[in-house]
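Engineer: My questions concern the predicted model and sequence given below.
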Amino acid sequence: MPYSIRDIAEALGAQAFGAVDLLVDRLEEPATAGTNDLAMALNPKFADGLADGAAQAAVLWDGADWEALGLKAAITVARPRYAMAGLTARFDLGQGTQEGIHPSAVIDPSATIGEGVSVGALSVIEAGAVIGDGSVIGPQCFIGQDVVLGAGAILRDHVSLLARVTIGANFWAHSGVRIGGDGFSFVTAEKSHVEKTRESLGKAEVSDAQSWTRIHSVGSVTIGDNVEIGGNSTVDRGTIRDTVIGNGCKIDNLVQIGHNVVMGNDCLACAQAGVAGSTQIGNNVVLGGKAGVADNLTIGDNVILGAATNALSNVPSGRAMMGTPATKMETHIEIYKNLRRLPKLVADMAALKKSVSKLSSKD
């Protein structure tokens, strides 16, 4: 940095207008942009803010009249939000990491560290681990025995990759991610009241004096290429086989992926979503914030579970679902509309009952 308007437009595959040699060194919102900032007026509703700021150049929507907005230069883009991906990548200042191993890091001699790797303060890399070229291991990270981490990985601080986890290229883990912890698997010597309740749909005796015995997790976790996992999210290792996260998946903060789950490619799991053990998630599935998926289910390709939706049974491919239990989105919206009408319906019924009662008393 700084970058010229021409260079930015060429990198985005977009059109540039006006003083294309003008230099900018930061992205900013229109109302607070200075003379050296590139204002992000990607929608006409944001353009009014340009008058309050001092930006000379802006990124605008396709077909915008940049001269009428008082700008010296402009870039127009057909898909503004997609353009944001390229712009923010170019202007991201990063975390200040540098190639090399901090003196306080503890690395087993049998670990393999690729070229151009950065290892932060107080991080631990155990025996047999393999760290791909160009990876960044932040401070106070833990990489367990025989972990394989692909090239170009970025681990922020306090990330844990436990024994035998395998991860592809371009992995990104934010602060506090924990991958490869044991699954939540416990069993009783005799059939428990939980099992009886499932079988009887709640009619079984609920008392149970038995203690729970842990089932150990001897599988691990396999994660594909280009996966990103948000802060304080967890992926449990499998009981026998690995838990699997496919290529291109993006997982938000505070998400729990249970043991034995298989998640397809290019899925989104938003904040506080949870997937219980042994569930199969298809490709391009979206789990909205606080969405939940029960255990041992199959969720088909291209399914969308809206925010706070709880899937308690299988969902066919291509469905958009909402509510608890999960219902087709259009059906749920109709149910919700009718629910809002209930108070009036109750009042109408009470008035009708009163009228009928008066008619009956006259007879």
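Structural biologist: Here it is on my side, so go on.
Engineer: Please report phi then psi for residue 357.
Structural biologist: phi -60, psi -40 (degrees, to the nearest 10).
Engineer: Next, work out how far apart it and residue 63 are.
Structural biologist: Residue 357 is 66 Å from residue 63, where distance means CB to CB, to the nearest Å. C-beta coordinates here come from the backbone N, C-alpha and C atoms, glycine included.
Engineer: do residue 358 as well
Structural biologist: Residue 358 is 66 Å from residue 63, by CB to CB.
Engineer: now swap in residue 241 and tell me
Structural biologist: Taken as CB to CB, the span from residue 241 to residue 63 is 53 Å.
Engineer: between the two, who's got more neighbours?
Structural biologist: residue 241 (15 against 7; other CB atoms under 10 Å).
Engineer: need the contact list for that one.
Structural biologist: Going by CB atoms under 8 Å, 6 or more residues apart in numbering, residue 241 touches 219, 260.
Engineer: quick one: it is in a helix?
Structural biologist: No. Counting by DSSP: H, G, I helix; E, B strand; the rest coil, residue 241 is located in no helix; its state is coil.
Engineer: tell me the phi and psi of it?
Structural biologist: phi -90, psi 170.
Engineer: What of residue 349?
Structural biologist: The phi/psi pair for residue 349 (degrees, to the nearest 10) is phi -60, psi -40.
Engineer: Residue 151 - how many residues pack around it?
Structural biologist: 18.
Engineer: how about the residue lying closest to residue 66 once chain neighbours are set aside, secondary structure?
Structural biologist: Nearest non-adjacent residue to residue 66, counting by CB to CB, 6 or more residues apart in numbering: residue 74, 3.5 Å away. Of the three states, residue 74 takes strand under three-state DSSP.
Engineer: In contact with residue 74, which residues are there?
Structural biologist: Here residue 74 is in contact with 5, 16-18, 57-60, 64, 66 (CB under 8 Å, 6+ apart).
Engineer: Spit out the contact partners of residue 122.
Structural biologist: With CB under 8 Å, 6+ apart, residue 122 has these contacts: 102, 104-105, 139-140.
Engineer: ok, it to residue 92 distance?
Structural biologist: The value you get for residue 122 to residue 92, if CB to CB is used, is 25 Å.
Engineer: Same question for residue 22.
Structural biologist: Taking CB to CB, one finds residue 22 at 21 Å from residue 92.
Engineer: quick one, which of the two is more surrounded?
Structural biologist: Using other CB under 10 Å as the criterion, residue 22 and residue 92 rank with residue 22 on top: 20 against 9.
Engineer: Not counting sequence-adjacent ones, nearest residue to that one?
Structural biologist: residue 73 (4.7 Å).
Engineer: Any idea what that neighbour is bridged to?
Structural biologist: residue 18, residue 57 (DSSP bridges).
Engineer: can you check residue 305 too?
Structural biologist: residue 287, residue 321.
Engineer: who touches it in this structure?
Structural biologist: 285-288, 291, 293, 299, 311, 315, 321-322, 326.
Engineer: cool, and residue 224?
Structural biologist: Counting by CB under 8 Å, 6+ apart, residue 224 has contacts 168, 245-249, 265.
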